[in-house]
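Student: need a 3D model of the sequence below.
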Amino acid sequence: MLTPPRTVVRRDGGLYALERALQRRGFRHVAGADEAGRGACAGPLVAAAAILPEGRRGEIDELADSKLLTPAARERVYDEVVARALAYAVVVIPAEEVDARGLHVCNLAAMRRALASLTTRPEYVLTDGFGVDGLDVPGLAVWKGDRVAACVAAASVLAKVTRDRMMVELDGRFPGYGFAEHKGYITAEHSAALRVLGPCREHRFSYVNVAAVSGRDGRPPRARRPVGTDAASPEPAAGLPGLGPGAFAGRPDEPMGHCGASGGTVGVALGEQPRPPASVGEDVVMEGGVR
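Tutor: Just a heads-up that it's a prediction; the model follows:
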């Protein structure tokens, strides 16, 4: 039996080289998946998946790792991804699920569900940094995948913009923490607010810095979230800015609901240790970049 020739992807081939190589080998629908909010100590964890069309239609101006884009550029790219993607999906995991299930478990579950929710079935999956098991298609974990593969970069923009919009909305409901500025990451201002105000229900009580100011730091990590809070219950995900008409929110065991015109869905999935605290509030710091 003849062995098919190896596919070589050059490092200088650009953001679309890996997907184009896979498509030449017969994998037409290549999905990318990524998350936002893993390093934050407040707010939801958001995962997204996207399949871009083949050819020029799938090439989006300014598309790059979301952490390398300005907020205005991310918004422009977000609109282009939503308009052009063959399918996209966004999954939101609230802070209480992160506390209950653990960060890494939630991260895998969210990415798995985002991929499973795509209305176009992927033939190959690219993920950022680590593999996602339980998929019935071949896949590859790509180091810094949001800087290497266009579909992963598209997913990173979907996740980041969705989460940032949610954090701005939460800033209005929980004033004083500066959520609109640092997006729930650990900054000097956020730490000072935590010491003065204490944590709110949108904080992750399983994180050491939040547990330390909650008065419950002697409790096991999964037991640190208070049973009751003085804050009102959050509105459904469909009522949050950026999730748009047709968005779906429900219990983790409920099926995904409505889809947008481009095949997008939004849902809530089931939510170990957090990454080391960052000194500034953007995801770029969690990847060793510079703000």
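Student: for the helix or strand Ala211 falls within, packing partners?
Tutor: In the assignment (DSSP states H and E), Ala211 maps to helix 208-214. With contacts taken as 3 or more Cβ pairs under 8 Å, 6 or more residues apart in numbering; DSSP states H and E, helix 208-214 sits against helix 188-197. (C-beta placed from N, C-alpha, C; glycine too.)
Student: identify all contacting residues around the helix it packs on.
Tutor: Helix 188-197 has contacts (Cβ atoms under 8 Å, 6 or more residues apart in numbering) with 41-42, 176-178, 181-182, 184, 203, 209-210, 213, 279, 281.
Student: and the residues you listed, which two are furthest apart?
Tutor: Gly176 and Ser279 (20.5 Å; Cβ to Cβ).
Student: phi and psi next, for Ala48.
Tutor: When quoted as degrees, to the nearest 10, the phi and psi of Ala48 stand at phi -140, psi 160.
Student: in the chain, which spans are helices?
Tutor: 17-24, 71-84, 95-101, 103-116, 150-173, 179-182, 188-197, 208-214, 283-286 (DSSP state H).
Student: pick the most buried one from those.
Tutor: Compared across the helices of the chain, helix 150-173 shows the largest average neighbour count, a mean of 26 (mean count of other Cβ atoms under 10 Å).
Student: tell me what that helix is packed against?
Tutor: Checking 3+ Cβ pairs under 8 Å, 6+ apart, helix 150-173 ends up next to strand 30-36, strand 45-51, helix 71-84, strand 87-93, strand 124-128, helix 179-182.
Student: quick one, which of these is nearest to Gly145?
Tutor: Gly145 sits nearest to strand 124-128 of all those, at 3.8 Å, using Cβ to Cβ.
Student: ok, the closest one: who's next to it in the sheet?
Tutor: Using DSSP bridges, strand 124-128 pairs in its sheet with strand 30-36 (parallel), strand 139-142 (parallel).
Student: reformat the ones you listed as TSV; add distance to Ala188, mean pLDDT and mean neighbour count.
Tutor: Rendered in TSV, the data for these read as follows (distance: least, Cβ to Cβ, whole Å; pLDDT from 0 to 100; neighbours: other Cβ atoms under 10 Å):
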stretch	distance to Ala188	mean pLDDT	mean neighbour count
strand 30-36	22	95	30
strand 139-142	34	89	16
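Student: a markdown table for the ones you listed, including distance to Ala73?
Tutor: Formatted as a markdown table, the strands paired with strand 124-128 follow (distance: least, Cβ to Cβ, whole Å):
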| stretch | distance to Ala73 |
| --- | --- |
| strand 30-36 | 16 |
| strand 139-142 | 22 |
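Student: so which of those strands gets nearest Leu52?
Tutor: strand 30-36 (7.9 Å).
Student: grab the nearest non-local neighbour of Ala42.
Tutor: Distance criterion Cβ to Cβ, 6 or more residues apart in numbering; nearest residue to Ala42, sequence neighbours excluded, is Gly184 at 3.6 Å.
Student: can you check Ile60 too?
Tutor: Glu80 is the one closest to Ile60 (Cβ to Cβ, 6+ apart), at 4.7 Å.
Student: Gly131 too?
Tutor: Nearest to Gly131 is Ala141, by Cβ to Cβ, 6+ apart, at 4.1 Å.
Student: identify the residues contacting Asp146.
Tutor: Applying Cβ under 8 Å, 6+ apart to Asp146 gives the contacts Asp34, Asp65, Ser66, Lys67, Asp128, Val152, Ala153, Ala155, Ser156.
Student: how far away is Arg147 from Arg113?
Tutor: To Arg113, Arg147 is 24 Å away according to Cβ to Cβ, to the nearest Å.
Student: how far away is the closest residue to Val125 other than its chain neighbours from Glu169?
Tutor: Residue nearest to Val125 in three dimensions, not counting chain neighbours: Gly139, with 3.6 Å by Cβ to Cβ, 6+ apart. Remark: distance between Gly139 and Glu169 (Cβ to Cβ) = 33 Å.
Student: what's the answer for Phe27, then?
Tutor: 38 Å.
Student: Pro122 now?
Tutor: 31 Å.
Student: go on, Val91?
Tutor: Counting by Cβ to Cβ - Val91 and Glu169 are separated by 18 Å.
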